[in-house]
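Colleague: Compute the structure for the input listed below.
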Amino acid sequence: MAAIMSHLGANENRSTDDGVKNACKWFQMAAGCFDRVRAELEKQPSAAECIDTTPDALNLLSQLMLAQAQECFYEKAVKGGMKPSIVSKLAAQVGAFYESALKLMMADPLKGYVGKKWPPYVETKSHIFKAIAHYQLGLDRQQAEVYGEQVSRLGVATRLVEEEKKKGKVPAELNDFFNQVHALIVRAYSLAVKDNNTVYHEPVLSESKLAPLEPKAMVKGTDVDESKLTLMATQDPFGELVPFNVRKADSIYTERKAQVVREVSKNAEEQDQIARASLNAMGLPGSIEAAESPSGVPAALLQKMSTVRIEGGVRMLNEQIELLDKVAGQDDSLLKDSVGILDSEEKEDTEMRAQFGNRWNRTPSHALTAALRQEAQKFIGNLDHARKSDDFVRQKLRTNADAINKLSWPAEKIVAELPSDNSSAGSTPQSADAVAALKQLVGQMTSLLQSRETLLQQLKDRVNKDDITQKLLQTTEAEQESLFAKEIFKFNDTIEAIKATFGEQAQLIVKIQQANEAFVRLRQTNSQMEQRQNALQTYEQAFKMYGELKSHIKEGIQFYTKFQEIVAKFKVKCSDFALARKTELSDLVTDLQTPAPAPQPTTVPSSNPMMYNPAAAMAATPYAAPAPQAFAQASYQLVQPQQPQPQMVSMMAPPPSYGSVAPPPYGAQPVQFIPSMVPQQQQPQRPQQP
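Modeller: Coordinates of the predicted model:
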């Protein structure tokens, strides 16, 4: 649980306020999990059979998680423009947490079991944040016009970064971050010394006379909710874990169901179009409204106009299309990033193969990424198809925008444009009866279309909720086809109900045609009535098109939103694959570049293999030694100019799920680094608070 929580924290997007908040929460929960395990094992010391479950080891992991949680508070303070004195305290505590972790690494019983790259990584971070704490306190002293102490604080910060630079042990993963912090602090110190020597002439205190930093801890291990650790008697924690062949069968069944829904939906849409075309060909319901309301705006049209005005009409449709384009663009960007990750990994593998020749004996990338690239191509095809649908919707909106806009007009403007029939030629008792009969049949058609839409939605809901996983677990592969047929048949009642509406619609269209013919024979028309009927029919068609466009755009947004979740998971798969390959690459490069060791005398095994087999110890511990260059390389993209960024790590190793890639032990490597924020120099002549 702790490893997963640290992984979630390291993968949060900390460029947003919510991302920083969530990352901090996950790291504190991870620390709480490690603390909880330590507390439980302290009650039963005999249960701690290996070194990674000793109190010191668990305390080390907890301190690392708290250090990163504190970093999140530091980032939030910098982004929020808090006072330098507050930022200094937060940074000092980050350094203190890392220092505590370093002491545990370098002391017994962990010394010798922690990988050689971890101590310099943690030590460098500790010194950097201590330097930042002094730098921030120097800014505070500058604001208080205590220039002598400002120089002293910046001098201490400069000493810390210069000493770290002279050691030459800054991990490659922190190089960019360290160099930027170093340049920022050295420049600030130089300017402060120059100003004090030429302007202020205040005495500069020695480091020993400065008050110590005042760390302020804002984080602590968050204990896990007891209710989440307790399972009910009916709960199976592994209930959703099923064999791959069952997942594959379920995927086939899901596609079969989707095919049924697509076919029924297509037939229903065709019947809807037939109904609308038939009514439109007869001028319905425009002719009824013209006969009932020879002047003014019919009540039905007023209601439709009110709906369009309230919802926003064409403006709302354009805004929804902009949202549609935005979500679609995000999907496209995620997909391109995913493919880019695979391309970069393959390029790196090719370069190493060219460099080392036949000695580079691991499986080529293209042999391992075939399934991922095939999946990517399928997603690209889905997006291309969806984009064509978007273009169709845009064209329909452009074609009908003017007509839909008229529905947003004031009633007075519609009256001025709508022809009126002031004659009484069409008003006879017989024609009134014909209008009533025709209106009733048109109403029945409207109800039929609504009923079919409801049935279709019910079918979709039933299909989405359907789950036959348990049945598949009890079915052999040879029996799956018969099971699929049996399970799909249970939707037959709803499908038949939808099909029944097709026959009812055909009969109803015949009745409407007959009633309309009777109405036309009895109606005494004139040019004004015909013009009014055509105008009302135009408004009716515009309203129907408005409804269709709303429905299509909503469907598109829903598609892209769900698709984004799928592509985001795919990107994680690609990232995990690339990370596992990078770890393997680092191990292989190390092996190829490290000279063979001299023969060593055989060691007599003890009763505990952990005591004599460092390799076994590394494989068993979550803080085991990563091979040289095994840390993931961060892609440093500065949030603001000249703003250096530290990194964060997850205690969770890449999953063993990619062909011949040999993954590191569970939790063995720091695999995620996310940029953080440190002070920015805003003015050329004076170091400033970011």
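Colleague: and V170, what does it touch?
Modeller: Shown here is V170, whose contacts under the criterion Cβ atoms under 8 Å, 6 or more residues apart in numbering are 120, 124, 164, 178. C-beta coordinates here come from the backbone N, C-alpha and C atoms, glycine included.
Colleague: same for the helix or strand S190 falls within, what does it pack against?
Modeller: With elements taken from DSSP states H and E, the one containing S190 is helix 175-195. Helix 175-195 is packed against helix 118-143, helix 147-167, with contacts defined by 3 or more Cβ pairs under 8 Å, 6 or more residues apart in numbering; DSSP states H and E.
Colleague: Among those, show me which one is buried the most.
Modeller: For the helices and strands packed on helix 175-195, the stretch with the most neighbours on average is helix 118-143, a mean of 24; neighbours defined as mean count of other Cβ atoms under 10 Å.
Colleague: ok and it relative to helix 147-167, angle-wise?
Modeller: Between helix 118-143 and helix 147-167, the angle formed by their directions is 160 degrees, by axes from the mean of the first three to the mean of the last three Cα atoms, to 10 degrees.
Colleague: mind starting the numbering at 56 from now?
Modeller: Renumbered: residue one is now 56, and that last one reads helix 173-198.
Colleague: Tell me the helices and strands packed up against helix 173-198.
Modeller: helix 110-134, helix 139-161, helix 202-222, helix 230-250.
Colleague: rerun at 6 Å
Modeller: Here helix 173-198 is seen to pack against helix 139-161, helix 202-222, helix 230-250 when contacts are counted using 3 or more Cβ pairs under 6 Å, 6 or more residues apart in numbering; DSSP states H and E.
Colleague: Report the distance from the longest one to the chain centre.
Modeller: The offset between the C-alpha centroid of helix 139-161 and the centroid of the whole chain comes to 31 Å, using Cα atoms, centre = their mean, to the nearest Å.
Colleague: I would like the residues contacting it, please.
Modeller: Applying Cβ atoms under 6 Å, 6 or more residues apart in numbering, the external contacts of helix 139-161 come out as 111, 115, 118-119, 121-122, 125-126, 128-129, 132, 169, 174, 177-178, 180-181, 184-185, 187-188, 191-192, 194-195, 268-272, 744.
Colleague: pLDDT of that helix, averaged?
Modeller: With pLDDT averaged residue by residue, helix 139-161 scores 95.
Colleague: Could you tell me the angle between that helix and helix 173-198?
Modeller: With the same axes, to 10 degrees applied, the angle from helix 139-161 to helix 173-198 works out at 160 degrees.
Colleague: What about Q118, how many residues nearby?
Modeller: Per other Cβ atoms under 10 Å, the neighbour tally for Q118 reads 24.
Colleague: again, but for the one 10 residues further on
Modeller: Residues within reach of F128, counting by other Cβ under 10 Å, total 22.
Colleague: May I ask you to confirm that it is in contact with K271?
Modeller: No - checked against Cβ atoms under 6 Å, the pair F128 and K271 is beyond contact range at 8.9 Å.
Colleague: Residue nearest the middle of this protein, spatially speaking?
Modeller: A623 (5.7 Å; Cα atoms, centre = their mean).
Colleague: Relative to M137, how far out is the closest residue to D404 other than its chain neighbours?
Modeller: By the measure of Cβ to Cβ, 6 or more residues apart in numbering, the closest residue to D404 outside its immediate chain neighbours is S420, 4.5 Å from it. As judged by Cβ to Cβ, to the nearest Å, S420 and M137 stand 46 Å apart.
Colleague: In terms of neighbours, single out the busier of those two.
Modeller: Neighbours per residue (other Cβ under 10 Å) separate S420 from M137, with S420 holding more: 20 against 16.
Colleague: per-residue pLDDT, L246?
Modeller: If you check L246, the pLDDT there is 95.
Colleague: For it, grab the count of nearby residues.
Modeller: Burial measure for L246: 17 neighbouring residues, criterion other Cβ under 10 Å.
Colleague: Spit out the contact partners of it.
Modeller: When contacts are counted by Cβ under 6 Å, 6+ apart, L246 is found next to no other residue.
Colleague: Could you report the separation of it from L265?
Modeller: Here the distance between L246 and L265 works out to 20 Å (Cβ to Cβ).
Colleague: thinking again about what came up before, so which bits of the helix holding S245 are buried?
Modeller: Residues of helix 230-250 classed as buried: 231-233, 235-237, 239-244, 246-248, 250 (neighbour count, 16 or more other Cβ atoms under 10 Å).
Colleague: same check, this time on stretch 271-286
Modeller: Of the residues in stretch 271-286, those buried by neighbour count under the rule 16+ other Cβ under 10 Å are 272-274, 276-277, 279.
Colleague: One more: stretch 355-370?
Modeller: Buried residues in stretch 355-370, counted by 16+ other Cβ under 10 Å: 355-356, 359-360, 363, 368-369.
Colleague: What about those residues, which are in helices?
Modeller: Among the buried residues of stretch 355-370, the subset assigned to helices under DSSP state H consists of 355-356, 359-360, 363, 368-369.
Colleague: ok, back up a step: what separation do you get for the residue nearest to D404 and D642?
Modeller: Applying Cβ to Cβ, the value for S420 to D642 is 16 Å.
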